[in-house]
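Q: Can you look at this prediction? I've put the sequence above it.
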Amino acid sequence: MGLIRIRTEIPGPKSRALMRRRDAAVPRGLAHSVPVFAASADGVCVTDVDGNVYLDFAGGIGVMNVGHGAPSVIAALREQAERFAHVGFAVLPYESYISLAERLAALSPGAFPKKTLFVNSGAEAIENAIKIARHATGRPGVLCFEDGFHGRTLLALSVTSKVAPYKLGFGPFVSDVLRVPYAYCYRCAYRAEYPSCEFTCVDQIEDQFKRHADPRTIAAVVVEPVLGEGGFVVPPRGYLSRLAALCRRHGIILIVDEVQTGFGRTGRLFACEHDDVEPDLLVTAKSLAAGMPLAAVIGRAELMDGPVEGGLGGTYGGNPLACAAAHAVLDLFESGELLRRSEAIGSRIEAHARLWARDCPLVGDIRRRGAMVGVELVTNHDTRAPAKHETEAIVRLACERGVILIAAGTYGNVVRFLTPLTISDDELDEGLKVLSACFVAATSQLAAR
Ligand SMILES: Cc1ncc(COP(=O)(O)O)c(C=O)c1O
């Protein structure tokens, strides 16, 4: 017996009624991947307001790596809520913030002294990392990447690359941003082939320094070790270490954005560990605190200590409830079992995706690091024309059949997997079987075009 239970048409009557209220009360700028409303969640399942039960392959956009309702997280939250919910670290500090900073400094790559700042969201952490880099170098510029996503606040948006919907109508953006192609081998900007290219995309940055920006004006390189929103693009091993070397050559601070890759998603706690890279500043969020709003900038102590007293902060950053949840999450990762599962889950998904590729002409590329798996869909293998409509159809059909799924990619044509790492093989297989049927249905849609 599986876990999925679909009792109504999707969306069910209660979800439809809520959607009407939502349309009247909430701006349309907030999008939803699926049209159903959540009532409860447990483990790898989400139940909607009509009583339908889904397998959650989205994890609230990569937030629920330890699963919904982990008992130790709930106990930690309850215990903290009974003591105090908020005093403001800038007013009255508390121990859990400090011990969490100590733990993250010990767990993150690099044996050098580190300090950690807590804020509320990935975007806010990126803002702070860039501010810290500018302060340390006295330089204004930031180098970022095509197809990168770093959040929706104005500085984070300025280093984000997708126009619609993220940037549309929100300019002007921050100046002194240099944007270069990422190691997106399936759509290489230089039409080169890996490995014979020997990382043309990194070498070309030196050329950009001649044509567009003096490297002595660049404070930071901001990079995702695997592109998240940009389509789960996995660069070849060695890419990140070459970027790190480029940064060292020019005195540029390396900010690695681990908001989506972080906390075990790629089989290591942080994805930059795969390349043995020790970032100057590492940004993490999402699965760090199992759904509590918490993000961190972990960095070299001398950089983190640059801004004057009061130069960093915020009312809620490192809220005690969020810190309590994060401590419980770190405890859950301690044994290493979740990291081992991450690799096993990823390889199981990849094996299914390879079968889809055999039978389904839509599958253009399969990419994976740990459990971070992306399947890029195209309508034509020669032109690699993005299959956006078919990807949307798969996401919709999956929901109707009991799997919550989200897409990614600049062209919206990548199916991505962000299941909790607590998912069992049986649960995973149940969801993947549903998706196999959705891929078949989307293929007939393509044929009917
Ligand atoms: C790599 C990356 N950076 C930054 C962000 C922004 O995080 P938040 O939505 O918490 O502001 C995201 C969100 O998806 C992300 O994937």
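A: Thanks, I have it.

Q: what about the helices in the stretch 101-250 of the chain?
A: 122-137, 154-158, 200-211, 239-250 (DSSP state H, counting those that start in this stretch).

Q: Mind checking those for the one nearest to residue 51?
A: helix 122-137 (33.1 Å; Cβ to Cβ). To be clear about C-beta, it is placed using only N, CA and C from the backbone, and glycine gets the same treatment.

Q: Show me what that closest one is packed against.
A: The contact analysis (3 or more Cβ pairs under 8 Å, 6 or more residues apart in numbering; DSSP states H and E) places helix 122-137 against strand 114-119, helix 154-158, strand 218-223, strand 253-257, strand 281-284, strand 295-300, helix 301-304.

Q: One more pass at 10 Å, please.
A: Helices and strands touching helix 122-137, by 3 or more Cβ pairs under 10 Å, 6 or more residues apart in numbering; DSSP states H and E, are strand 114-119, strand 141-145, helix 154-158, strand 218-223, strand 253-257, strand 281-284, strand 295-300, helix 301-304.

Q: picking that back up, so which of the helices of the stretch 101-250 of the chain is the most surrounded?
A: Mean neighbour count (mean count of other Cβ atoms under 10 Å) peaks for helix 122-137 among these, with a mean of 25.

Q: So is it next to the ligand?
A: Yes: counting by Cβ under 6 Å from any ligand atom, the ligand has neighbours in helix 122-137: 122-123, 126.

Q: related to what we said a few turns ago, now the helices of the stretch 101-250 of the chain in a markdown table, please, with extra columns for mean pLDDT.
A: Listed next are the helices of the stretch 101-250 of the chain as a markdown table, based on pLDDT from 0 to 100:
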| stretch | mean pLDDT |
| --- | --- |
| helix 122-137 | 98 |
| helix 154-158 | 97 |
| helix 200-211 | 97 |
| helix 239-250 | 98 |
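
Q: Redo these as JSON lines? Include distance to residue 321.
A: Below are the helices of the stretch 101-250 of the chain laid out as JSON lines (distance: least, Cβ to Cβ, whole Å):
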{"stretch": "helix 122-137", "distance to residue 321": "17"}
{"stretch": "helix 154-158", "distance to residue 321": "24"}
{"stretch": "helix 200-211", "distance to residue 321": "42"}
{"stretch": "helix 239-250", "distance to residue 321": "33"}
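
Q: can you tell me which of those comes nearest to residue 381?
A: Evaluated over those, closeness to residue 381 peaks at helix 200-211, with 22.8 Å, by Cβ to Cβ.

Q: quick one: the closest one to strand 218-223, angle?
A: Interaxial angle of helix 200-211 relative to strand 218-223 (axes from the mean of the first three to the mean of the last three Cα atoms, to 10 degrees): 160 degrees.

Q: Could you list every helix and strand that helix 200-211 packs against?
A: Helices and strands touching helix 200-211, by 3+ Cβ pairs under 10 Å, 6+ apart, are strand 141-145, strand 177-180, strand 218-223, helix 239-250.

Q: Now tabulate the ones you listed in a markdown table and tack on distance to residue 232.
A: Listed next are these as a markdown table, based on distance: least, Cβ to Cβ, whole Å:
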| stretch | distance to residue 232 |
| --- | --- |
| strand 141-145 | 14 |
| strand 177-180 | 20 |
| strand 218-223 | 15 |
| helix 239-250 | 15 |
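
Q: Could you verify that residue 443 is part of a helix?
A: Yes: note on residue 443: a helix contains this position according to DSSP: H, G, I helix; E, B strand; the rest coil.

Q: What is the neighbour count of it?
A: As a burial measure, residue 443 scores 20 neighbours (other Cβ atoms under 10 Å).

Q: Next: residue 173.
A: Residue 173 has 13 nearby residues by other Cβ under 10 Å.

Q: Check the one 10 residues further on too.
A: Burial measure for residue 183: 24 neighbouring residues, criterion other Cβ under 10 Å.

Q: So what does it have for phi and psi?
A: Backbone dihedrals for residue 183, given as degrees, to the nearest 10, come out at phi -80, psi 70.

Q: For the nearest residue to residue 317 once chain neighbours are set aside, give the beta-bridge partners.
A: Closest residue to residue 317 apart from its sequence neighbours, by Cβ to Cβ, 6 or more residues apart in numbering: residue 119 at 4.3 Å. Beta-bridge partners for residue 119, by DSSP bridges, are residue 295.

Q: May I ask you to confirm that residue 119 is in contact with residue 298?
A: No: between residue 119 and residue 298 there is no contact under Cβ atoms under 10 Å: 11.9 Å.

Q: overlap in contacts of these two?
A: 125, 129, 283 (Cβ atoms under 10 Å, 6 or more residues apart in numbering).

Q: Contact residues of the stretch 151-300 of the chain facing the ligand?
A: Neighbours of the ligand within the stretch 151-300 of the chain, by Cβ under 6 Å from any ligand atom: 151, 224, 228-229, 257, 259-260, 285.

Q: Quick check: the residue of the chain nearest the ligand.
A: residue 122 (2.2 Å; Cβ to the nearest ligand atom).

Q: per-residue confidence for residue 1?
A: For residue 1, the model assigns a pLDDT of 79.

Q: same thing with residue 445?
A: 75.

Q: residues touching it, list them.
A: Residues near residue 445 by Cβ under 10 Å, 6+ apart: 362, 387, 389-390, 393-394, 397.

Q: What's the separation between it and residue 153?
A: To residue 153, residue 445 is 38 Å away according to Cβ to Cβ, to the nearest Å.

Q: same question, residue 34
A: Residue 34 sits 26 Å away from residue 153 when distances are taken as Cβ to Cβ.

Q: Then residue 195?
A: Plainly put, residue 195 is 37 Å away from residue 153 if you go by Cβ to Cβ.

Q: For the most centrally placed residue in the chain, pull up the helix or strand it's in.
A: Per Cα atoms, centre = their mean, the C-alpha nearest to the average position across the chain is that of residue 260, at 2.0 Å. Per DSSP states H and E, residue 260 falls between elements, in no helix or strand.
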